[in-house]
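**Q** can't give you the sequence, but here's the structure:
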């Protein structure tokens, strides 16, 4: 995985539903988040008792994640109700109009604990990558990812954007988004792994 230096904190001042104990002051949140990292991960294998062990050859998933931390000015508040990370992924492939293929999706997190490092993540399946890149799954690699951007939204307000890879400016605003290809962790074979590392994903 590429290690990228943390960026400057993004600040967001938002109101929250106050408990009786916190009613004396307006609750405000400060959110810090790093630049995104991305890598290829093989489909995990599990050993399960009571059923037949079926063999398969693991393929490569694209995994994108970003570390973040939420703080509050109130000692009475211990969780942030919701935050959204908008993911944009540009692949080394072009559409029929000659534009780079860009995947886009929102990942909505809820019940985010305060004052601890936690992660948001998303995935693209081996089959989706093969179709988008017009390659066999075995030929797909991290080099097929040109750029990644994460746009964080808190209480309906953008609090900052972080990018990795090639490209300058707000390139995600210039490309047509391809939806339905990015998956949350809950939609993948990785959903039971590293559970407490990641923020809870809002159920659909």
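**A** Looks like it arrived, so ask away. Being a predicted model, the structure only gives us computed values, none of them experimental.

**Q** just give the nearest non-adjacent residue to the residue most central in space within the chain, would you?
**A** For the chain, the residue nearest the mean C-alpha position is residue 121 (3.1 Å; C-alpha atoms, centre = their mean). The shortest distance from residue 121 to any non-neighbouring residue, by C-beta to C-beta, 6 or more residues apart in numbering, is to residue 65 (3.9 Å). Heads up, the C-betas are built off the backbone N, CA and C, glycines and all.

**Q** and residue 128, by the same measure?
**A** The shortest distance from residue 128 to any non-neighbouring residue, by C-beta to C-beta, 6+ apart, is to residue 181 (4.9 Å).

**Q** would you agree that neighbour is in contact with residue 133?
**A** No. In this structure residue 181 lies outside contact range of residue 133 using C-beta atoms under 8 Å: 11.5 Å.

**Q** please say which of these two ends up with more neighbours.
**A** residue 181 (20 against 17; other C-beta atoms under 10 Å).

**Q** what residues are up against that one?
**A** Contact analysis of residue 181 by C-beta atoms under 8 Å, 6 or more residues apart in numbering lists 103, 105, 124, 128, 132.

**Q** which two from those residues end up farthest apart in space?
**A** Greatest spacing in these, by C-beta to C-beta: 105 and 132 (13.7 Å).

**Q** inside strands: which ones of the contacts of residue 181?
**A** 103, 105, 124 (DSSP state E).

**Q** so the residue nearest to residue 121, which of the three states?
**A** Here residue 65 is recorded as strand under DSSP: H, G, I helix; E, B strand; the rest coil.

**Q** next one: residue 52
**A** Under three-state DSSP, residue 52 comes out as coil.

**Q** is residue 70 in a bridge, and if so with what?
**A** Counting by DSSP bridges, residue 70 is bridged to residue 31.

**Q** thinking it is in contact with residue 30, fair?
**A** Yes. Using C-beta under 8 Å, residue 70 is in contact with residue 30, at 7.3 Å.

**Q** out of the two, which sits in the more crowded spot?
**A** Between residue 70 and residue 30, residue 70 has the larger neighbour count (other C-beta under 10 Å), namely 23 against 16.

**Q** and that one, how far is that from residue 188?
**A** According to C-beta to C-beta, to the nearest Å, residue 70 and residue 188 sit 25 Å apart.

**Q** please apply the same query to residue 35.
**A** Taking C-beta to C-beta, one finds residue 35 at 23 Å from residue 188.

**Q** most residues in a single strand of the protein, which one?
**A** The chain, longest strand under DSSP E: strand 79-94.

**Q** who are the packing partners of that one?
**A** strand 29-33, strand 60-72, strand 100-113, strand 118-124, helix 126-133, strand 145-154 (3 or more C-beta pairs under 8 Å, 6 or more residues apart in numbering; DSSP states H and E).
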